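# what follows is a predicted protein model with its sequence.
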Amino acid sequence: MTCYLGARGKATVNSLMARNDGSNNPAESGALNHLSIDRGRPIRIALYYAVGALIWIAISGRVLSLMPAHSYALNLSVNTLLLYLVVSYYTKTIRISVAAQEDALLRARGYFESAVEGIVSVDSAGMICQLNPHGQELFGYDEEELVGQPIEVLVPQRFHYRHGAHRDGFFKAPKSRMMGRGMEVAARRKDGSEFSAEISLNVVHTRSGKLIIAFVADISERLVMEREARRNETVDALAAVAAGVAHELNNPLAVMAARIELMLLSDQDLSAQMRDDLLVLQKNIERASRISHSMLSIARQRPGVRYAMDMNVAVEEAMLIVGPEARGGMLRYETNLDRSLPEVMAEPTGLEQVLINLILNARDAGARLIRIETARAPGSAAHLQLSISDDGPGIKSDVIAKLFRPFFTTKPKGTGLGLWLSQRIVQDHGGSIKVESVAGKGATFTITLPTIDESAAARAALPARDEPPAPPQIPAARSNQSGR
Amino acid sequence: MAAQAKILIVDDERDLVDAYVRLLERSGYRCVGAFDANQAIQMIDAESPDLVITDLSLPDNSGVEIVRRVRAKLPVTPIIVMSGHNTPGLHEAAQAAGAHISLLKPVSIAELRRVIGEALAR
């Protein structure tokens, strides 16, 4: 009710006040109905009574004989006094009521205008009555453009045929509820674009009929986040299965590898063909083992030991490991490393792994020049930035959107895990990784990592965890294969 | 000394123990195999091996127990632990109990030989 009162309700109250001050035209008394909205009933009776008594005196032209034994003049005085008392009493009551009404209106307008949801009211014919400022922002319309328009203006075309029927149904049996519970409702902006909305419907009975009040929230962002969370859950479940399978495969693979090795070492003379066959078997077991290892690394539950380290060292190490080899030419590196950077708290092999993945991807995409830069992150004293740019063919925008998804690959023999793992490793370090690319002009991957002070602050904010002491370790096995 | 070193190999996968024993004997080591924790503990006591290779993913999680037993009985004997999966905390627990080297299965024979050589040379 509140929102529909609006400016019009206020005008009605004002004109009533004016009428109450002077006019006693009975023909206009119908307009008084407008006042009787909330606690209006006593006011209305009072007005009728007061105005009616005046009319009665005016029409009858004579004074009611309240005191039969006395003169006309006394009766007139008593009549007038009574009338005065009644009118002044009710005028005061009306003034108080009107002030309360005005306050209620102001409050209602405040709720309406400051609501963070869009609020739209619709009459029984499906026409828009009012739209609050946030609603105007959501839909891109001014209020004047929409008032009197069918509500379907805000509904995508493809839902029009259903929407009318739903609206009629709601009017017939109105009950406050969420619209399209459990599903996404699409709303249409002025420019024709759409957003996912959550809409709750309420009904108000007014004198001019039922009104539907719809509260509209844009939940596009929330849905994206929910989808992402669901996807991560799926991936984690999948990773657990993959790791389980890999684990079950490891012993049989180890047995086969060992037995083949024994056969190859056998004193008996093997035919050249048999030796060749065994070598093929051996090669394939190694391949299966690599896949199995990368499956296990997907499910890496916790990061390895971290050290305070210079990010530039990881860059140099990664360049050294990949080297200049590239199909059909040499790979050239250009570096611009800021030697004055503070250290980062990182797992060296993890960080190298990420850089190696990125360099190998660029190389495999056909890049000849790789430019690596380290610097302080612009706009944040607590973060460092590492960017790897290449002169390859670039990444198409539809590919960029899927780039960090697990099992997504554009390489014929890729596992689609390299970038996904890289992202997880960077995120494990409290950082982020993003990519920019213009087709034909190469790609730039930018990693942002917190400085050691920032990491320490973040760690201090977490509950203490028992870190097992790091025993002396021979770096015998790399448990994190590239996965690419 | 390395050539005569005695190695105890523990794994519940008999085929694997058998293959490792034969392969490492070919490399000149003396090898004994055990398929469960009880056998392993008997052999630790009876054979005093110069190096122990044990699977961590043994039934009833006794891999770490074996590491502790070796460390208690043979303070300087190098211990290599292997497992088919990187269960969080498993390798850390083994290292805390005194294991020197953690390997993720499957380990190539060349890798195993290299690691054994390095461990015994220390």
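Thanks, I have the structure now. All values derive from a computational prediction rather than experimental measurement. Residues are numbered from 1 along each chain as shown, chains lettered A, B, ... in the order given.

# can the helix or strand of chain B with the lowest mean pLDDT be said to contact chain A?
Within chain B, confidence by mean pLDDT, DSSP states H and E is lowest for helix B:90-97 among all helices and strands, at a mean of 78. Yes. Interface with chain A: helix B:90-97 contributes B:92-93, B:95-96 (CB under 8 Å from any CB of the partner chain). C-betas here are computed from N, CA, C, even on glycine.

# make CSV out of these and add neighbour count.
As requested, the residues of helix B:90-97 next to chain A are exported to CSV (neighbours: other CB atoms under 10 Å in any protein chain shown):
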residue, neighbour count
B:92, 20
B:93, 19
B:95, 22
B:96, 16
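
# the residues you listed: which two are farthest apart?
B:93 and B:95 (7.4 Å; CB to CB).

# got the phi/psi numbers for residue 81?
All of this refers to chain A. phi -60, psi -50 (degrees, to the nearest 10).

# chain B, not that one
Note on residue B:81: its backbone torsions stand at phi -110, psi 140 [degrees, to the nearest 10].

# quick check: it touching residue B:92?
No. With contact defined as CB atoms under 8 Å, residue B:81 does not reach residue B:92; the gap is 10.8 Å.

# any residue of the helix or strand following the least confident helix or strand of chain B up close to chain A?
Using DSSP states H and E, the helix or strand that follows helix B:90-97 towards the C-terminus is strand B:101-104. Yes. Using CB under 8 Å from any CB, a contact is recorded between strand B:101-104 and chain A, made by B:101-104.

# who in chain B is up against chain A?
Selection of chain B residues close to chain A by CB under 8 Å from any CB yields B:13, B:15-16, B:19-20, B:22-23, B:26, B:57, B:84-89, B:92-93, B:95-96, B:98-109, B:111, B:114-115, B:118-119.

# ok, 6 Å please
Neighbours of chain A within chain B, by CB under 6 Å from any CB of the partner chain: B:13, B:15-16, B:19, B:22-23, B:26, B:84-86, B:88, B:92, B:95-96, B:101, B:103-106, B:109, B:115, B:118.

# could you flag which of these are buried?
By neighbour count, with 16 or more other CB atoms under 10 Å in any protein chain shown, the residues of chain B next to chain A hold B:13, B:16, B:19, B:22-23, B:84-86, B:92, B:95-96, B:101, B:103-106, B:109, B:115 as buried.

# tell me the SS of the residue at minimal distance from the centre of chain B?
Taking CA atoms, centre = their mean as the criterion, residue B:53 is the residue nearest the geometric centre of chain B, at 0.9 Å. Assigned with DSSP: H, G, I helix; E, B strand; the rest coil, residue B:53 falls in the strand class.

# that one and residue B:9 touch, don't they?
Yes. Using CB atoms under 6 Å, residue B:53 is in contact with residue B:9, at 4.9 Å.

# what does stretch B:23-34 rub up against?
Contact with stretch B:23-34 is made by A:262, A:265, B:3, B:5-10, B:17, B:21, B:40, B:43, B:47, B:109, B:113, as judged by CB atoms under 6 Å, 6 or more residues apart in numbering or on different chains.

# helices of chain B, start to end?
B:14-26, B:37-47, B:63-73, B:90-97, B:109-121 (DSSP state H).

# can you add distance to residue A:404 and give these back as JSON lines?
Below are those laid out as JSON lines (distance: least, CB to CB, whole Å):
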{"stretch": "helix B:14-26", "distance to residue A:404": "38"}
{"stretch": "helix B:37-47", "distance to residue A:404": "44"}
{"stretch": "helix B:63-73", "distance to residue A:404": "36"}
{"stretch": "helix B:90-97", "distance to residue A:404": "28"}
{"stretch": "helix B:109-121", "distance to residue A:404": "32"}
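
# among these, which gets the worst mean confidence?
The minimum mean pLDDT among these belongs to helix B:90-97 (a mean of 78).

# give me the three-state assignment for residue A:187.
Here residue A:187 is recorded as strand under three-state DSSP.

# what's the local residue count around the closest residue to it other than its chain neighbours?
The shortest distance from residue A:187 to any non-neighbouring residue, by CB to CB, 6 or more residues apart in numbering or on different chains, is to residue A:197 (4.1 Å). Per other CB atoms under 10 Å in any protein chain shown, the neighbour tally for residue A:197 reads 25.

# equivalent analysis for the one 5 residues further on, please.
Other residues near residue A:202 come to 15 when the count uses other CB under 10 Å.

# name the helices or strands packed onto the helix or strand harbouring it?
Element membership of residue A:202 [criterion: DSSP H and E] is strand A:194-206. Judged by 3 or more CB pairs under 6 Å, 6 or more residues apart in numbering or on different chains; DSSP states H and E, the packing partners of strand A:194-206 are strand A:185-188, strand A:209-218, helix A:220-265.

# buried residues in the first one?
It refers to strand A:185-188. The neighbour-count check on strand A:185-188 (16+ other CB under 10 Å) flags A:185, A:187-188 as buried.

# closest one of the residues you listed to chain B?
residue A:185 (42.5 Å; CB to the nearest CB).

# just for chain A, where's the confidence low?
For chain A, applying pLDDT under 70 flags the ranges A:1-69, A:174, A:176, A:178-184, A:267, A:297-305, A:327-328, A:413, A:415, A:458-484.

# for residue A:392, what are its contacts?
Residue A:392 neighbours (CB under 6 Å, 6+ apart): A:362, A:365-367, A:442.
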